[in-house]
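Peer 1: whatever this is, show me its structure:
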Amino acid sequence: MSRIGKVPVVIPQGVNVTVAQNEIAVKGPKGELKWVYPSRMNVTVQDNAVHVTRSADDKQSRAYHGLTQRLIANMVQGVSKGFSKELEVQGVGYTVTAAGNKLSLKLGFSHPIELEPPAGIKYEVPKANTIIVSGCDKQLVGEMAAKIRGLRPPEPYKGKGIRYTGEQVRRKEGKKAGK
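Peer 2: This next block holds a predicted model:
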């Protein structure tokens with residue numbers, strides 16, 4: 001049996017979980033998430049916990065067991081606490097501003113880049129070089145943070161670009177003068 005899959009997901013106060021025909025819906029103070037889980041899995045809610053079991057013991061079912069439990073746990077955590085990723089912008093003249101819900105980035109191109117957040121995602125700009133992407137869907141938060149980072153990834157010579165907070169960028173040595 002999967003060690004991760006057999007651990008029940010505890011439902012915190014204020015979170016409502018409903019299961020109906022291979023679909024789980026989790027509703028909480030931060031939002032609502034729905035997911036259609038694999039038909040090989042059996043999901044039940046009892047005693048303020050979500051239990052995941054598998055109907056067969058083949059390789060595919062064993063693989064889905066832990067995955068299903070973790071995705072449900074992430075949904076419960078997302079609607080109760082939420083997820084966030086923090087990014088840093090480094091470089092001379094590189095700035096970030098938030099106008100309403102849009103994000104405007106000046107990254108050394110001939111034009112500023114405007115980004116609209118998808119439903120359920122919120123951008124915050126506490127400083128001119130810091131971006132916080134937050135929301136209740138862990139996958140969507142990570143995807144949007146990666147999309148922003150991909151606009152100008154950190155380059156190895158001067159370290160300019162957008163990076164995750166705490167990310168270490170390996171620096172390369174530039175050209176050396178003649179011998």
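
Peer 1: let me know the average pLDDT across stretch 57-72.
Peer 2: Averaged across stretch 57-72, the pLDDT comes to 93.

Peer 1: cool, stretch 13-33 as well?
Peer 2: 94.

Peer 1: once you drop chain neighbours, what's closest to residue 12?
Peer 2: Closest residue to residue 12 apart from its sequence neighbours, by CB to CB, 6 or more residues apart in numbering: residue 80 at 5.0 Å. Quick note: C-beta positions are derived from backbone N, CA and C, even for glycine.

Peer 1: phi and psi next, for that neighbour.
Peer 2: phi -100, psi -50 (degrees, to the nearest 10).

Peer 1: can you map out the helices along the chain?
Peer 2: Along the chain, counting by DSSP state H, helices occupy 59-80, 138-151.

Peer 1: quick check: the residue nearest to residue 12 vs residue 50, distance?
Peer 2: Distance, residue 80 to residue 50, using CB to CB, to the nearest Å: 13 Å.

Peer 1: more crowded one of these two?
Peer 2: Neighbour count, other CB atoms under 10 Å: between residue 80 and residue 50, residue 50 has more, with 22 against 17.

Peer 1: wait, doesn't that one sit right on residue 72?
Peer 2: Yes. Between residue 50 and residue 72 there is a contact under CB atoms under 8 Å: 5.5 Å.

Peer 1: what touches both of these two?
Peer 2: By CB atoms under 8 Å, 6 or more residues apart in numbering, residue 50 and residue 72 have these common neighbours: 9, 24, 43.
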